[in-house]
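Novice: here's my sequence, what's the structure:
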Amino acid sequence: MLIEACPCGSGIDYADCCCPVISGTVQARTAEQLMRSRYSAYVKHDVDYLVSTTHPDSRTPGLADSIASWMGQVQWVRLHVLKADRDRVEFMAEYISNGKPAQHHEHSLFKKHKGEWFYVGEV
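Specialist: Predicted coordinates for the structure are as follows:
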């Protein structure tokens, strides 16, 4: 059996970490778990998951195209969760763009909608 480390950096096998959340087998229990699964979805190029886990009030026209465009420009390297509260997650993600290392630092807000966690946006 092939074991694949989860891209989110949890140290857990992908099949036991973010994969069940991304596939819809289980719901994210916390804002941090949703954020980690969204990072893994960026690594795996799963645009549909990223759109579906964006809060309905934050889904702008062209969101899927915007996500897909950014995915095509970067190679994600590593995720660092710096702080996680009930509905906010601060993280730094390392990536490579145009052959050069870069970082994305974000303070994200998450909100429950109909019992599920969703990404609202950067705060």
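
Novice: mind checking the longest strand of this structure?
Specialist: Assignment by DSSP state E gives strand 100-113 as the longest strand of the chain.

Novice: mind giving me the packing neighbours of the helix or strand following that one?
Specialist: Following strand 100-113 in sequence order, the next helix or strand is strand 116-122 (DSSP states H and E). Under the contact criterion of 3 or more C-beta pairs under 8 Å, 6 or more residues apart in numbering; DSSP states H and E, strand 116-122 touches helix 31-44, strand 100-113. To be clear about C-beta, it is placed using only N, CA and C from the backbone, and glycine gets the same treatment.

Novice: give the contact list for Ala31.
Specialist: Contact analysis of Ala31 by C-beta atoms under 8 Å, 6 or more residues apart in numbering lists Ala84, Asp85, Arg86, Asp87, Arg88, Val89, Ser108, Phe110, Trp117.

Novice: what about His55, distance to Pro20?
Specialist: 21 Å (C-beta to C-beta, to the nearest Å).

Novice: so what's the closest residue in space to Gly11 that isn't next to it in sequence up against?
Specialist: Closest residue to Gly11 apart from its sequence neighbours, by C-beta to C-beta, 6 or more residues apart in numbering: Ala5 at 7.3 Å. Shown in contact with Ala5 (C-beta under 8 Å, 6+ apart): Gly11, Ile12, Asp13, Tyr14.

Novice: so what's the residue lying closest to Ser108 once chain neighbours are set aside bridging to?
Specialist: Setting aside the residues directly before and after it, Ser108 is nearest to Val89 in space (C-beta to C-beta, 6+ apart), at 5.0 Å. Per DSSP bridges, the residues bridged to Val89 are Ala84, Ser108.
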